[in-house]
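*Asks:* structure for the following, please:
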Amino acid sequence: MKRLLLILMVLALSIVLLTGCSGTVTLNVERFVGFWLNEDANTNSITKADIQKNNDLLEIYMWGKCHPTDCDWAAMNNPVGPATTTVDDADDGVLNIVWYPDFAIETQELILLPDGRLRVKTFVHFYPDDIYGREDYEYIVYFIK
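*Replies:* Here you go, the predicted structure:
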C-alpha cells in the first residue's frame, strides 16, 4: 500500500512538473485573447475590446461609445497605442493595465469570469488641474466573445 501511494505521489508530482505554471498561463492567455463585445448593446461606456498576443506582450485595444463611430482608446492614449502588459500577467486570470488620455489616468482590472465573460473594472483619476473639476470615479462593464 505504501508503495502504491509513493507511485501515485511521484506520478502527481511529474504531472505538475510537466505542466507547470506555463500551462496555466497559456490557458489564461488564450482565454483573454480575442474580440470582446459589451454584453449591453445599448451601453454608453466601453463598447468593445480586442486583446492580441504579440510575443511576450498582450496588447489591449478598446473603444468607447461615440457618435457617429466609436472612439478608439489606443488613438486617444498618450503615448498613442494600445495598453500593454506581459503574458505572465494573465497567470492568475487577471490583467492590470493603464491608459493615459490627456485628461486622466485610467487603470483597469480585466478579470476572466467562470462563465466565460470578461469583467472590466475601470478607475478614472482626473489630473489635479482638470479645468472641469471632475471627481474621480469607478465603473464596471462585462464583455462576451
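
*Asks:* would you mind measuring from residue 32 to residue 62?
*Replies:* 13 Å (CB to CB, to the nearest Å). C-betas here are computed from N, CA, C, even on glycine.

*Asks:* look at these two and report which has more neighbours.
*Replies:* residue 62 (28 against 24; other CB atoms under 10 Å).

*Asks:* tell me if I'm right that the more buried one and residue 76 touch.
*Replies:* No. Between residue 62 and residue 76 there is no contact under CB atoms under 8 Å: 9.9 Å.

*Asks:* what helix or strand is residue 27 on?
*Replies:* helix 2-32 (DSSP states H and E).

*Asks:* do residue 61 as well
*Replies:* strand 57-64.

*Asks:* now that strand: mean pLDDT?
*Replies:* The average pLDDT within strand 57-64 is 97.

*Asks:* just checking, what packs against it?
*Replies:* Secondary structure elements in contact with strand 57-64, counted by 3 or more CB pairs under 8 Å, 6 or more residues apart in numbering; DSSP states H and E, are strand 46-54, strand 71-72, helix 73-76, strand 83-86, strand 94-99.

*Asks:* list the buried residues for it?
*Replies:* For strand 57-64, burial by neighbour count (16 or more other CB atoms under 10 Å) applies to 58-63.

*Asks:* what is the neighbour count of the closest residue in space to residue 106 that isn't next to it in sequence?
*Replies:* Nearest non-adjacent residue to residue 106, counting by CB to CB, 6 or more residues apart in numbering: residue 99, 4.2 Å away. Applying other CB under 10 Å, we find 20 residues neighbouring residue 99.

*Asks:* can you give me the distance of residue 99 to residue 53?
*Replies:* Counting by CB to CB, the gap from residue 99 to residue 53 is 19 Å.

*Asks:* ok, residue 109 next?
*Replies:* 19 Å.

*Asks:* contacts only, for the residue most central in space within the chain.
*Replies:* In the chain, the C-alpha nearest the mean C-alpha coordinate belongs to residue 110, at 3.5 Å (CA atoms, centre = their mean). By CB atoms under 8 Å, 6 or more residues apart in numbering, residue 110 lies in contact with 32, 51, 60, 94-97, 118-120.
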